[in-house]
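> I would like to see how this sequence folds:
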Amino acid sequence: MKKIQMVDLKSQYEKIKDTVNTSIQGVLDTNTYINGPEVHKFQKNLEEYLDVKHVIPCANGTDALQIAMMGLGLKPGDEVITADFTFAATVETIALLQLTPVLVDVDRYNMNINIEAIKKAITPKTKAIIPVHLFGRAANMEAIMQIAKERNLFVIEDNAQAIGANCKFSDGTKKKAGTIGHVGATSFFPSKNLGCYGDGGAIFTNDDDLAHTLRGIVNHGMYVRYHHDVVGVNSRLDSIQAAVLNAKLPLLDTYGKARQDAARKYSVAFEGHKNIVAPSICDICDCHVFHQYTLRIIDADRNGLMDYLLSKDIPCAIYYPIPLHSQKAYLDSRYKEEDFPVTNQLVQEVLSLPMHTELDDEQIKFITDSVLEFLNK
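Numbering: from 1, shown residues only. Modelled structure (predicted):
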């Protein structure tokens with residue numbers, strides 16, 4: 001059996017190496033390393049794929065979030081509601097801009113931001129909501145957009161883990177995650193579903209005026225060289241990373257299907273087990289693209305299971321072991337433990353198994369057999 005990886009980028013590369021190498025060589029041959037043709041090509045390709053008017057490439061996903069908020073003109077002290085159970089970049093960017101993060105609990109079923117918790121957290125100072133499409137599953141954007149419309153709030157989608165996922169609305173229409181709010185942000189970190197071979201990110205919007213502002217911000221506030229019209233940053237996707245992304249983007253839906261197929265095989269093996277809550281897989285839409293395959297281990301030794309899997313050279317991880325409201329950097333007297341019952345439970349239960357496009361049946365059987373072997377002892 002091939003060695004199991006949490007993310008097998010090497011095997012993925014082997015299948016596309018000729019296309020990737022040719023694309024990178026084109027950048028080297030033309031010396032167009034910053035804002036070159038590959039970047040513009042990727043921008044247009046991604047706009048077409050997402051069916052969004054504007055894609056603004058940038059240096060990484062954290063920058064994408066920060067720049068999105070800068071573009072909306074949020075002011076110090078404005079409150080921004082987001083999920084407690086996610087990676088720190090989401091709240092980090094809020095704090096960096098001297099905005100006020102308001103962390104709320106998540107839904108037990110899908111681990112995304114809880115709709116009722118959003119409603120309870122809104123105050124006269126609230127200006128925006130940042131839903132995170134966690135682990136590749138689209139958040140309830142229909143409900144979130146309705147709240148935002150009623151309360152005149154901005155919606156900034158953190159789509160770092162769910163590019164390619166679809167949000168299905170009650171009227172039957174579908175839209176890509178990241179393109180529904182006023183602005184969306186994503187990451188192209190190598191392990192993402194659409195990953196480059198370094199750092200990279202992008203911002204999405206259908207708002208022409210906002211797109212114009214964002215394009216200035218990513219390039220030192222310049223629209224004309226040495227004319228600084230807005231306060232900006234230096235955050236540009238380099239041409240080599242764009243070349244890699246251009247090679248991978250046509251395969252994104254294929255990659256998503258491979259992840260869904262692997263997830264389905266995992267879940268079939270775990271079906272009905274009293275100690276396992278496996279993620280659901282929707283057969284009528286692509287609302288989950290499985291950036292991670294994350295179990296909840298209930299009434300059993302989650303940490304012992306992790307150690308057991310690692311002892312068998314099966315990589316696994318806990319995303320995330322500490323709630324944001326308990327992190328030293330974000331401690332706040334406003335937060336009460338009773339406000340986060342689901343998050344506080346999830347951090348004790350979640351365990352993510354290997355998930356990538358190259359998982360084969362032999363590996364999945366070995367992983368699932370090992371999980372069951374430990375839990376059935």
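
> tally of neighbours for E373?
Summarising burial for E373: neighbours were counted as other Cβ atoms under 10 Å, giving 11. (C-beta placed from N, C-alpha, C; glycine too.)

> Shouldn't it be within a helix?
Yes. Residue assignment for E373, taken from DSSP: H, G, I helix; E, B strand; the rest coil, places it within a helix.

> how far away is it from K149?
E373 sits 51 Å away from K149 when distances are taken as Cβ to Cβ, to the nearest Å.

> what does P124 give?
Note on P124: its distance to K149, by Cβ to Cβ, is 17 Å.

> Also Q292?
According to Cβ to Cβ, Q292 stands 31 Å off from K149.

> Ok, L210 next?
With distances defined as Cβ to Cβ, the gap from L210 to K149 amounts to 17 Å.

> Looking at these two, which one has more neighbours?
Neighbours were counted for L210 and for K149 using other Cβ under 10 Å; L210 has more, 20 against 10.

> can I assume that one is in contact with G71?
Yes. With contacts defined as Cβ atoms under 8 Å, L210 counts as touching G71 at a distance of 5.5 Å.

> Measure how buried V231 is and give me the count.
Applying the criterion other Cβ under 10 Å, we find 10 residues in the vicinity of V231.

> Now do the same contact list for it.
Contact partners of V231, counting by Cβ atoms under 8 Å, 6 or more residues apart in numbering, are 70, 217, 221.

> and with 6 Å instead?
In this structure, V231 makes contact with G221, judged by Cβ atoms under 6 Å, 6 or more residues apart in numbering.

> now F188
Contact analysis of F188 by Cβ under 6 Å, 6+ apart lists 195-196, 200.

> make it 7 Å
The contact partners of F188, taken as Cβ atoms under 7 Å, 6 or more residues apart in numbering, are 194-196, 200-201, 241, 245.

> my guess is D207 meets T179, correct?
No. Taking Cβ atoms under 7 Å as the definition, D207 is not a contact partner of T179, at 11.4 Å.

> more neighbours, those two?
For D207 versus T179, the count of surrounding residues by other Cβ under 10 Å is larger for T179: 21 against 15.

> Identify the residue nearest the more buried one in space, chain neighbours excluded?
Spatially, and ignoring its direct neighbours in sequence, T179 is nearest to V52 (4.4 Å; Cβ to Cβ, 6 or more residues apart in numbering).

> helix, strand or coil for that neighbour?
Using three-state DSSP as the criterion, the local structure at V52 reads coil.

> now swap in A148 and tell me
Local secondary structure at A148 is given as helix here, using three-state DSSP.
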